[in-house]
Structure formats: structure tokens, C-alpha cells
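Enquirer: With the sequence up front, the predicted model follows.
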Amino acid sequence: MSFLQLSSIQKSFGPVQVVHDFNMAIDKGEFISFLGPSGCGKTTILRMIAGFETPSAGSITINGADQTDLKPNQRNIGMVFQAYALFPNMTVFDNVAFGLKVAGKPKAEIEARVKEMLALIHLEHLADRFPYQMSGGQQQRVALARALAPKPQVLLLDEPLSALDAKIRVSLREEIRAIQRQLGITTVFVTHDQEEALSISDRIVVMNAGRADQIGTPSEIYNTPKTRFVASFVGTLNLIEAKVKDPAANRVEIAGQEMVIRDSLSTLKGGERVALALRPEAASLNAGSRTDTSIPGEVISSSFLGSVVRTRLKVGESTISFDMFNDPGLTPPAHGETVNLHFAARDLLVIRD
Ligand SMILES: Nc1ncnc2c1ncn2[C@@H]1O[C@H](COP(=O)(O)OP(=O)(O)OP(=O)(O)O)[C@@H](O)[C@H]1O
Ligand SMILES: [Mg+2]
């Protein structure tokens, strides 16, 4: 049986339903990310797991024990919030000790545990500082230590990195993941940053308007998106308008050219229009060992992004964006130039709405 189980969870605020029939089984030690746009219900689900909100319907169990009607302090859960929520009038030591003091632990045990937690986040030397004397990244590490000190069964992180600058975000997310692995703690991490979710999660839940559109490993979510929403929210996606030629043979036509795709067209009819997705890294201006198709297109723009050059082409009635690795010897295609776009027809995915 799964460790953290959310079964048919619904949540309404007054007449507005913000979470619809949400189901998820999370294994012990798993790192799960909830990824989705603002307002899709990520925080609401996290708050229901923590006990700050009560589901309108459905149940939550941890290790087989029903939590649905327990108060937050009756659940063994640690939480880190987006905004630094340290107690401003307490030192780092006292912040981390807080949950242990409330639980009435003996002084010697508290001291030992706080020391252990500060070592885990590499801030032993700042035990006597106050929050205002530390950087945002240091404050979030203290918030993490404070959440972990009482040895929670589940760790909840609600956009803990979003107030930090880009470099610190990357190093801190790797630190959080390393600590999570070391402790083996079941973790739910909320973000609206797709790269963050892809880089650190065992599995990702892509949320759309209070529902899970897709639950899968980073590779499944990125490479085989099940809906148009997932495909466009995770990664940069090209949608190519195509016409079904022979559904039984998976044959389509794009800009006057016929090709066979791998994805099934069996639910569609000949002559019907279909949207196909192509990832920017699956297309190139050069024929490669995997490519089997080339279509001419007109260059709309070419932008230098550092490690890659992103080019946009008009192909038939679609606009296709694709990346080439930077190469000092490379001349990016010029605006208005006609070039051939190479890709593998089998990489095209049928997008269902
Ligand atoms: N206490 C509340 N009362 C009424 N509506 C609420 C309440 N809390 C959340 N909502 C609404 O529920 C919806 C989901 O909110 P939630 O905070 O879960 O979104 P989110 O996915 O965390 O978004 P963000 O990325 O902006 O943090 C929103 O439309 C929000 O306005
Ligand atoms: Mg939120």
C-alpha cells in the first residue's frame, strides 16, 4: 500500500470548486512535484495534506492511518512556505528548536537534534543569528531544518525557492533533493517552474484547473504528454496542423507532404485535421541519423540564447521553433531565407484535447 494516499479529494470555497476528484498514491521516500499555473489548486491540496484545510469530500491517509479529520498538530507533517516564515524575534537555534520545545522534548535532546539539523544544512556557525541577519537562501535552509527537526513523516514544500535569485535556486533545489534522499522522507514539492520540477522529481503531477492532467516521471511528462495542456506547459512545444490521410496506416499530410507517425490515428477519420506536437530539440537544419523527413520553411526569426540558437520557421500554416547548439563557426539562418527542416516523423505526437 502506498504511504501517502489522496482519495477522491474535492474542495470548494463557497460555490467555487477548486479541486476536482483528485487521486494520488505516493510511495514512501518519493519526491513528488505538483506543477501548474497560478490558481490551479496546488497550495490548496498541500494545505489539505497538512490539515490547514478540510476536504469537501474524499480522504487522506498516511501509512494506512486516516488523517482527514485530524488537526494540523495531530499530524506528523513538516512544511516550508514560499515566503520566509521564520520567527523574526528568535535566533536560528530557537527557530529550529521550536517544534521540539512545543512537543516538550528534554533540553539535551533538543540541543542534540538542533545541532544535527544545522549540520545537515551547513549552517552550524550561524546558530545565534536572527533571520534579518541572513540571506534569503540561508533563511529557507533554516526553514527546512525547522520543518525536519521533529522528524515528520511527510515534508511539504510550497514554492520554497520562488523568492530567491536564479543561481541560489538551482543550488538550493539540489541541496533539498540531496537532504530528502539522505533522510528518505516522503516529500511533496509545489512549483510553477517546469525546469525545477523536471530536474528534481521522482514523479510530477501536472495540474490544470483543480485536476491532475497527467501524473508521471519527468521523462514521461516531457516526452509523452497526454494532453495539449501538458505538452504546452512542460517544455516549449510546436503544434503542427496536419491532415489525416490514412488513419489505419498512421499516415498524415503536413504542408503537402505525406509521412507516417508512430502515434495511433485509429480514432480519427481520413480528411480530419489533427494537431501534432514536435519538441524543439527533435528538429534540425541538418539531416541526422534519426531524421527521415524534411520540409521547407521560411525563417521568421533566429535568436541567440547562449548555449543554443532558437530559430522560428513558417512551415505551411504552422510556426515551428527549434534549437541548434551554439557553435562559433555557425552562421544562423537569415530572416526570410528558405531552409529545410529535418526531423523524424515518428517523433510527432498526436495531441488530444
Ligand atoms: N481560503 C480561500 N477562500 C476562497 N478561495 C480560495 C481560498 N484559498 C484558495 N482559493 C482559491 O482557490 C484557487 C486555487 O488556489 P491555490 O492557492 O490552491 O492555487 P495555486 O495553484 O497554489 O496558485 P499559485 O501558483 O498562485 O500559488 C484559486 O482560485 C484561489 O483564489
Ligand atoms: Mg500556491
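Expert: In hand now; what should we look at? Ligands and ions are numbered 1, 2, ... in the order given.
Enquirer: residues touching the closest residue in space to Ile261 that isn't next to it in sequence, list them.
Expert: In space, and not counting its chain neighbours, Ile261 is closest to Leu348: 4.7 Å by CB to CB, 6 or more residues apart in numbering. Any C-beta I mention is one placed from the backbone N, CA and C, and that applies to glycine too. The contact partners of Leu348, taken as CB atoms under 8 Å, 6 or more residues apart in numbering, are 240, 242, 252, 259, 261-263, 276-278.
Enquirer: what do you get for Val188?
Expert: Counting by CB under 8 Å, 6+ apart, Val188 touches 4, 26, 32-34, 46, 49, 154-157.
Enquirer: Could you look up the SS state of Arg310?
Expert: With DSSP: H, G, I helix; E, B strand; the rest coil as the basis, Arg310 sits in strand.
Enquirer: Could you report the neighbour count for it?
Expert: Arg310 is flanked by 16 other residues according to other CB atoms under 10 Å.
Enquirer: same thing with Ile215?
Expert: Per other CB under 10 Å, the neighbour tally for Ile215 reads 18.
Enquirer: Could you do Ile295 as well?
Expert: Applying other CB under 10 Å, we find 20 residues neighbouring Ile295.
Enquirer: surely it meets Thr338?
Expert: No. With contacts counted by CB atoms under 8 Å, Ile295 stays clear of Thr338, the gap being 10.9 Å.
Enquirer: Is it possible to get JSON lines of the contacts of Val188 that adds secondary structure?
Expert: What follows is those, written out as JSON lines (three-state DSSP):
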{"residue": "Leu4", "secondary structure": "strand"}
{"residue": "Ile26", "secondary structure": "strand"}
{"residue": "Ile32", "secondary structure": "strand"}
{"residue": "Ser33", "secondary structure": "strand"}
{"residue": "Phe34", "secondary structure": "strand"}
{"residue": "Leu46", "secondary structure": "helix"}
{"residue": "Ile49", "secondary structure": "helix"}
{"residue": "Val154", "secondary structure": "strand"}
{"residue": "Leu155", "secondary structure": "strand"}
{"residue": "Leu156", "secondary structure": "strand"}
{"residue": "Leu157", "secondary structure": "strand"}
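Enquirer: from the stretch 101-250 of the chain, which residue is nearest to ligand 1?
Expert: His192 (5.1 Å; CB to the nearest ligand atom).
Enquirer: so what's that residue scoring on pLDDT?
Expert: On pLDDT, His192 comes in at 88.
Enquirer: got it, and the one 5 residues further on?
Expert: Looking at Ala197, its pLDDT is 95.
Enquirer: in the helix or strand harbouring Leu341, what counts as buried?
Expert: Applying DSSP states H and E as the criterion places Leu341 in strand 338-343. Across strand 338-343, burial judged by 16 or more other CB atoms under 10 Å covers 341-343.
Enquirer: Check stretch 128-143 too.
Expert: Quick answer for stretch 128-143 (16+ other CB under 10 Å): 129-131, 134, 137-143.
Enquirer: Which positions in the stretch 151-300 of the chain make contact with ligand 1?
Expert: His192 (CB under 6 Å from any ligand atom).
Enquirer: in the stretch 151-300 of the chain, which ranges drop under the pLDDT threshold?
Expert: Scanning the stretch 151-300 of the chain for pLDDT under 70 picks out no residues.
Enquirer: Just the ones in helices from the buried residues of stretch 128-143, please.
Expert: Counting by DSSP state H, the part of the buried residues of stretch 128-143 found in helices is 137-143.
Enquirer: want to throw those residues into a markdown table with distance to ligand 1?
Expert: Formatted as a markdown table, those follow (distance: CB to the nearest ligand atom, whole Å):
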| residue | distance to ligand 1 |
| --- | --- |
| Gly137 | 20 |
| Gln138 | 23 |
| Gln139 | 19 |
| Gln140 | 17 |
| Arg141 | 22 |
| Val142 | 22 |
| Ala143 | 17 |
